[in-house]
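>>> predicted structure and sequence below. I'll ask about it afterward.
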There are 2 protein chains.
Amino acid sequence: MISKNQIKYIRQLELKKYRKREGVFVAEGPKVVGDLMRRYQPVAVYATEEWIASTGASTGSATVETGSATVEQRVTEITDEELRRISFLQHPQQVLALFPIPIIHYPLSTIHSKLSLALDGVQDPGNLGTIIRIADWFGIDTIYCSEDTADAYNPKVVQATMGSIARVNIIYIDLLTLLDSLPPSYPVYGTLLDGEDIYQQPLSNEGIIVMGNEGNGISEPIRQRVNHRLLIPRFREGDTAESLNVAIATAITCSEFRRRQ
Amino acid sequence: MISKNQIKYIRQLELKKYRKREGVFVAEGPKVVGDLMRRYQPVAVYATEEWIASTGASTGSATVETGSATVEQRVTEITDEELRRISFLQHPQQVLALFPIPIIHYPLSTIHSKLSLALDGVQDPGNLGTIIRIADWFGIDTIYCSEDTADAYNPKVVQATMGSIARVNIIYIDLLTLLDSLPPSYPVYGTLLDGEDIYQQPLSNEGIIVMGNEGNGISEPIRQRVNHRLLIPRFREGDTAESLNVAIATAITCSEFRRRQ
């Protein structure tokens, strides 16, 4: 059973201003909710009988087994019809949970000896979600996002990560400030149309890979901080695709870095 | 000026059955329409004053300069409001054109000494469009699609290709029949969870790379025809992403093949 006020509260979380005010975000489906419960304590869980039976959860205040973790929290049993009313998915999937937006205190010193991603104005929620999933696959722990990058806690992004948002640190930060705080020799990679063939360039296991906006690429001030300019070469003469989608370019770049390890 | 009947006709082309019956598909925006006009003669062009001015097109039966090609066809000038009524885009872009669905007679003999893609049940229009764009970038001329793959002439797919659909041959075919018609030694690559590390495997410049359905991967009968089983390795221990999006996996695979050339 779910009240009208609860429905209204959840639906409002589609908007960033409400997520920010409440400090919570929505996740849906057994995979995404399960992955998040391994790392974060949910604020609330609304689930159908099917999910409750399959996880062994009890309604009310109770412990729930989700894979490796046992967490104590409150599960509200709802009907399929109620789930449809709160869900942001076209095909709701058994469970919707609210999680606290993580406040990640991540000392900059940990940037050393690691590969990280920085997103400079990625706008599309699907692209952002896919990039988080790619980072997870390639063992990249942290993504630094410019303030004008899409919000990672948008329900569309959360779903597109397929649970990877539970395992990747997303940090919103002024990218110029971040890059200027690093030693000048710290490797900052960017894919640019006038860069050097990525397959031929030395690539290190430490550095930041900057990916730019869908239409405009990396912004001019950030571009000036890129000290390793890479290019994913085209393999067709004459008329060809003008560019690759930013998530595709991220995947190819991460693959090429990790291959060399 | 556009009639109610024309609006109805165009809107119906969202559905495959109407596209099939009429043999035409919709493309929108200067980039996609321009790229298609270099290769195909449009059946009809509906454009705002802005597009007509920038391309030097005349309304009525006339020749139109589109980059390298001059094509003769009919341009109907419409208002922004009329464009909104026929457009499938959230933000209509100056021009909407109808093109004949190409009937590609592509002798199987040309499969030799080339790299091609085969899609086994890719369902999402965005994924299909992105894969066509990747093929274009990596100089892959032909994509063989199983009959249950999404329709490449769906307006969402056409737009997601960003014009690459003009340069890549899309052939719907029974994949089993296709693969069985090839010599047993012909390389058929597939990415599978029990495959061998793609970075370590020999990859040729001739062959078919099979990509599977979003949820189920490559279907069992096709999997049995895969004679080079590849794996894109994960770079994280323990809990991690379970899979990569099919377009992402396609990009990484194509990049790895082309890098070796």
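Nice, I can see it.
>>> tally up the residues packed near the residue of the stretch 51-200 of chain A found nearest chain B, please.
Minimum separation of the stretch 51-200 of chain A from chain B (Cβ to the nearest Cβ) falls at A:Gly139, amounting to 3.7 Å. Bear in mind the C-beta positions are built from the backbone N, C-alpha and C, glycine included. For A:Gly139, the neighbour count with other Cβ atoms under 10 Å in any protein chain shown is 19.
>>> list the contacts of it.
If a contact means Cβ atoms under 8 Å, 6 or more residues apart in numbering or on different chains, then A:Gly139 has A:258, B:234-236, B:240 as its contacts.
>>> got a quick PyMOL command for the buried subset of those?
Typed into PyMOL, the next command selects the buried ones out of those (criterion: 16 or more other Cβ atoms under 10 Å in any protein chain shown):
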select buried, (chain A and resi 258) or (chain B and resi 234+235+236+240)
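>>> just flag the most distant two among the contacts of A:Gly139.
A:Arg258 and B:Thr240 (12.9 Å; Cβ to Cβ).
>>> pretty sure A:Ala97 contacts A:Gly29?
No: the pair A:Ala97 / A:Gly29 is not scored as a contact, 9.6 Å apart, by Cβ atoms under 8 Å.
>>> quick check: residues of the stretch 1-150 of chain A near chain B?
A:31, A:35, A:38, A:68, A:126, A:130, A:133-134, A:136-139 (Cβ under 8 Å from any Cβ of the partner chain).
>>> now with 7 Å?
With the criterion set to Cβ under 7 Å from any Cβ of the partner chain, the stretch 1-150 of chain A comes near chain B through A:38, A:130, A:133-134, A:136-139.
>>> any of those residues buried? List them.
Judged by 16+ other Cβ under 10 Å, buried ones among those: A:130, A:133-134, A:136-139.
>>> give me the subset of the residues of the stretch 1-150 of chain A next to chain B lying in strands.
If you go by DSSP state E, the residues of the stretch 1-150 of chain A next to chain B have nothing in strands.
>>> what segments of chain A are helices?
Assigned by DSSP state H, the helices in chain A fall at A:4-12, A:16-22, A:30-37, A:49-55, A:80-86, A:125-137, A:155-160, A:175-180, A:220-223, A:246-259.
>>> I'd like the ones you listed as JSON lines, with mean pLDDT appended.
Formatted as JSON lines, those follow (pLDDT from 0 to 100):
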{"stretch": "helix A:4-12", "mean pLDDT": "95"}
{"stretch": "helix A:16-22", "mean pLDDT": "96"}
{"stretch": "helix A:30-37", "mean pLDDT": "95"}
{"stretch": "helix A:49-55", "mean pLDDT": "93"}
{"stretch": "helix A:80-86", "mean pLDDT": "96"}
{"stretch": "helix A:125-137", "mean pLDDT": "97"}
{"stretch": "helix A:155-160", "mean pLDDT": "97"}
{"stretch": "helix A:175-180", "mean pLDDT": "95"}
{"stretch": "helix A:220-223", "mean pLDDT": "97"}
{"stretch": "helix A:246-259", "mean pLDDT": "97"}
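>>> got the ones you listed as TSV, with distance to B:Ser164 columns?
Putting the helices of chain A into TSV (distance: least, Cβ to Cβ, whole Å) gives the following:
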stretch	distance to B:Ser164
helix A:4-12	38
helix A:16-22	33
helix A:30-37	31
helix A:49-55	41
helix A:80-86	37
helix A:125-137	17
helix A:155-160	22
helix A:175-180	31
helix A:220-223	26
helix A:246-259	12
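>>> list just the one of those that sits closest to B:Asp180.
helix A:246-259 (31.8 Å).
>>> just the C-alphas of that closest one, formatted as PDB.
What follows is helix A:246-259 as a C-alpha-only set of coordinates in PDB (Å, rounded to 0.1, in the frame of the first residue of the first chain):
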ATOM      1  CA  VAL A 246      30.900  10.200 -27.100                       C
ATOM      2  CA  ALA A 247      30.100   6.900 -25.300                       C
ATOM      3  CA  ILE A 248      31.500   4.900 -28.300                       C
ATOM      4  CA  ALA A 249      34.700   7.100 -28.300                       C
ATOM      5  CA  THR A 250      35.000   6.500 -24.500                       C
ATOM      6  CA  ALA A 251      34.700   2.800 -24.900                       C
ATOM      7  CA  ILE A 252      37.300   2.600 -27.700                       C
ATOM      8  CA  THR A 253      39.700   4.800 -25.700                       C
ATOM      9  CA  CYS A 254      39.300   2.900 -22.400                       C
ATOM     10  CA  SER A 255      39.800  -0.400 -24.300                       C
ATOM     11  CA  GLU A 256      43.000   0.800 -25.900                       C
ATOM     12  CA  PHE A 257      44.400   2.000 -22.500                       C
ATOM     13  CA  ARG A 258      43.500  -1.300 -20.700                       C
ATOM     14  CA  ARG A 259      44.800  -3.400 -23.600                       C
END
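>>> what about it and chain B, touching?
Yes: using Cβ under 7 Å from any Cβ, helix A:246-259 reaches chain B at A:247-248, A:251-252, A:255, A:258-259.
>>> A:Arg84: which of those is nearest?
Among the residues of helix A:246-259 next to chain B, A:Ala247 lies closest to A:Arg84 (Cβ to Cβ), at 29.6 Å.
>>> tell me which residues touch the closest one, please.
Shown in contact with A:Ala247 (Cβ atoms under 7 Å, 6 or more residues apart in numbering or on different chains): A:127, A:130-131, A:134, B:248.
>>> let's see 6 Å
A:127, A:130-131 (Cβ atoms under 6 Å, 6 or more residues apart in numbering or on different chains).
>>> count the neighbours of A:Thr177 for me.
8.
>>> which of the residues of helix A:246-259 next to chain B has the most neighbours?
Counting by other Cβ under 10 Å, top hit in the residues of helix A:246-259 next to chain B: A:Ala251 with 30 neighbours.
>>> quick one: contacts for that one?
By Cβ under 6 Å, 6+ apart, A:Ala251 lies in contact with A:134, B:248, B:251-252.
>>> let's see it at 8 Å
Applying Cβ under 8 Å, 6+ apart, the residues contacting A:Ala251 are A:134, B:244, B:248, B:251-252.
>>> same check, this time on A:Pro233
A:Pro233 neighbours (Cβ under 8 Å, 6+ apart): A:197-199, B:258.
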